[in-house]
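Novice: Let's see this in three dimensions:
(chains A and B)
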Amino acid sequence: MRLSKSIWQTYKEIPADAEIASHQLMIRAGLIHKVGSGLYNYMPFGYRSIRKVEQIIREELDKIDCQEILMTVVTPGELWQESGRWEKMGGEMLKFKDKGERDLCISPTNEETVTDIFRKIVKSYKQLPLTLYQINTKFRDEIRPRFGLMRGREFTMKDAYSFHMDKSSLDKGYQELFDAYCAIFNRIGLEFSAVEADAGAMAEGDAKTHEFQVIANSGEDQIIYCEEENYAANAEKAETIRGGVEFNLQEAAIGIVDTPNKTTIEEVCAFLSLPQQQSLKSLVYYADIEGEDHFILCLLLGDDSLNELKLRNILACQELRPATDSELLKLNLVKGFIGPKGLAADKMRVIYDQAINRDAYYITGANQEDKHFENFCPARDGMIGETADLRMAVEGDYTLSGAHQIQVKRGIEVGHIFQLGDLYTKALGVKVLDQNGKTKAPLMGCYGIGVTRVVAAAIEQGHDENGIIWPKSIAPFHVYFALVGKSEEIKNEAEKIYQELLNAGIEVLFDDRNAGAGFKFKDSDLLGLPLRLVLGERNFKENGQLELIMRSTGEKELVSPEGIATTIQQALDKLEK
RNA sequence: CGGAGCGUAGCGCAGCUUGGUAGCGCACUUGCUUUGGGAGCAAGGGGUCGGAGGUUCAAAUCCUCUCGCUCCGACCA
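Specialist: Numbers count the residues shown, from 1 in each chain, chains lettered A, B, ... in the order given. As a prediction, the model looks like this:
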């Protein structure tokens, strides 16, 4: 491609609404254009990268006999009503009606459609296992779109679905997809981690599921990991043991202390000059369990925070949120001074976090305005309650074996794989005959990759102050060929070289624009193709040579125009990714 | 949805407090000069100041309503 004929606009200014590097760079480098909140047009060079990601995914999935299909973006509401997700999906799913007043939606995911295809065609165990996938546009009306392609509302996703007769086949299929995902992200050249995750609304709580997280400081997820034990999990899911707590084990009588206007753990502990871990944090939550209202008191060490997801899984509740001020009033609780002692036991379920030593002595709310208890000992003074893992894992924790400390990184979730079980096949009444001629609902797995998010994540991992540094695997082109000079002679030489590179099948972007050298170099760095080849008046007149620069290292060498295509090909082969 | 903020040229912003000719930088067009790290000079094109209503002789500026966008929380590839 020659730049004189392409629609490409770069920007010096950082767009006002872009926060993170990938978003800023994709806009500045002219890869995407914003249309509306969470909506982006893919411009030619950005789209080339997206298609390269798609192609890598295709090749790896086809290798393990997955079959590509393309399902409709608009799907009838009936299918979703059948699975029960028409209501469940909530506002995230964009629903509308056609002229005949029939319900439709723009697919946020495709379990229903693929299951519908399956049930219409597959009748026998002989046709299983089977994996179908598509690469298609999804729309999710995200509560809060942000960070450009990282969390857009319209985005490109690869979604795959596998069908199996039994659990061992599902396990095998799951593992194949797991391995394919590793191959895909390795080929792209991303530093990633496959972590244990929570299934969320997709499947039963104990279903096997992994997230593929690209390591980046701007990531929205926290990953807990331990290299020694080969453990990695999303912080939401991670089970760890807290270390380094100094409990107060000095026996003392319980008593009330005045703590005027000290409503937070920080304030109370600072006021009483005690470490926060010698206080108990009392959090009251409202939960809707099978349609009934419940209030739960969660107790944590003062400097820990609650992992709501863990609580949600313990309660198996439909809705979970902190109790409102008016609900607290009804329960006779004083906000800021809540504690486990003196509560009406029948009104509330009490859960102690497992990090709490029930034989130790703590500061805790006295359920009276401006008062706290000191030397409250749960075993001696407390209301009976259950024990569970409620806390959010943090740096400094130990693994469950207790042998190693865990570490924390931030990650961008680019892929997620689930074992769905028979959730959807049962809901949609799918029946397949097994070896004994009996009908059975097959088991499913589903496997997603955020294609457009992968591109953004790759830029998060590959950039510097001058612009993008693409991995070779998904760079829009491999070579930025800049012509620096005005004479007819050098222009002719450039044309010759460009043709030679094209003929050799090298992906070259030819900067033949009528612009200054500095201008072209800045654009070249911003776009971030792996190699820059410069044909300049200066070098060419002096010694007849061109300059070849690696974007990632800045390494330069002079190369001869003789056999330029071979030279470039060799330089490309040397690049790792 | 709750909280905070912003809408003025394609992009980044000033002007608004104290109402009176709509501005600056980048980008764009033309000419001349320049040509190895976003060139210089000169001349130009481009705006119903997000929208509607109101106050006023007069509104980008003041008031009311509305729409859009961004940021902080719950969702997710």
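Novice: Now tell me what touches the helix or strand harbouring residue A:174 from outside.
Specialist: If you go by DSSP states H and E, residue A:174 is part of helix A:167-188. The contact list for helix A:167-188 (Cβ atoms under 8 Å, 6 or more residues apart in numbering) reads A:53, A:56-57, A:60-61, A:63-64, A:66, A:128-129, A:131, A:160, A:162, A:164, A:192, A:194, A:208, A:210, A:212, A:214, A:414-415, A:417, A:419, A:421, A:443-445, A:447, A:449, A:454, A:458, A:471, A:473-474, A:577. Yep, even glycine has a C-beta here, placed from its N, CA and C like the rest.
Novice: Please list which of these also come close to RNA strand B.
Specialist: A:212, A:414-415, A:449 (Cβ under 7 Å from any atom of the strand).
Novice: Based on its surroundings, how many neighbours for the residue in chain A positioned nearest to RNA strand B?
Specialist: Of all residues in chain A, the one sitting closest to RNA strand B is residue A:536 (1.7 Å; Cβ to the nearest atom of the strand). Neighbour count for residue A:536, taken as other Cβ atoms under 10 Å: 17.
Novice: Over to the one 4 residues further on?
Specialist: Other residues within reach of residue A:540, judged by other Cβ under 10 Å, total 21.
Novice: Can you pull the phi/psi pair for it?
Specialist: phi -70, psi -40 (degrees, to the nearest 10).
Novice: Helix, strand, or coil at residue A:9?
Specialist: coil (DSSP: H, G, I helix; E, B strand; the rest coil).
Novice: now the helices for the stretch 251-400 of chain A?
Specialist: A:265-272, A:308-315, A:325-330, A:378-381 (DSSP state H, counting those that start in this stretch).
Novice: Could you single out the most deeply buried of those helices?
Specialist: Mean neighbour count (mean count of other Cβ atoms under 10 Å) peaks for helix A:308-315 among the helices of the stretch 251-400 of chain A, with a mean of 18.
Novice: any low-confidence regions in the stretch 151-300 of chain A?
Specialist: A:200-206 (pLDDT under 70).
Novice: Let's see that with 80 instead.
Specialist: Within the stretch 151-300 of chain A, the segments meeting pLDDT under 80 span A:199-207, A:290-291.
Novice: Ok, chain A next?
Specialist: Chain A contains residues with pLDDT under 80 at A:90, A:199-207, A:290-291, A:317-319, A:324-326, A:342-347, A:382-384, A:576-577.
Novice: Recalculate using a threshold of 70.
Specialist: Short version for chain A, where the test is pLDDT under 70: A:200-206, A:344-346, A:577.
Novice: biggest strand in it by residues?
Specialist: Ranked by residue count under DSSP state E, the longest strand found in chain A is strand A:407-421.
Novice: just the angle between it and helix A:167-188, please?
Specialist: Here strand A:407-421 runs at an angle of 140 degrees relative to helix A:167-188 (axes from the mean of the first three to the mean of the last three Cα atoms, to 10 degrees).
Novice: Put the alpha carbons of strand A:407-421 into PDB.
Specialist: This file holds the C-alpha atoms of strand A:407-421, laid out as PDB (Å, rounded to 0.1, in the frame of the first residue of the first chain):
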ATOM      1  CA  GLN A 407       2.000 -12.200  44.000                       C
ATOM      2  CA  VAL A 408      -0.500  -9.800  42.300                       C
ATOM      3  CA  LYS A 409      -0.500  -8.500  38.800                       C
ATOM      4  CA  ARG A 410      -3.100  -6.700  36.700                       C
ATOM      5  CA  GLY A 411      -4.600  -8.300  33.600                       C
ATOM      6  CA  ILE A 412      -6.900  -7.700  30.700                       C
ATOM      7  CA  GLU A 413      -9.300 -10.500  30.100                       C
ATOM      8  CA  VAL A 414      -9.000 -11.400  26.400                       C
ATOM      9  CA  GLY A 415     -10.500 -14.900  26.600                       C
ATOM     10  CA  HIS A 416     -12.800 -16.900  28.900                       C
ATOM     11  CA  ILE A 417     -13.600 -20.600  28.600                       C
ATOM     12  CA  PHE A 418     -16.400 -22.400  30.500                       C
ATOM     13  CA  GLN A 419     -17.900 -25.800  31.000                       C
ATOM     14  CA  LEU A 420     -21.500 -25.000  30.800                       C
ATOM     15  CA  GLY A 421     -22.800 -28.500  31.500                       C
END
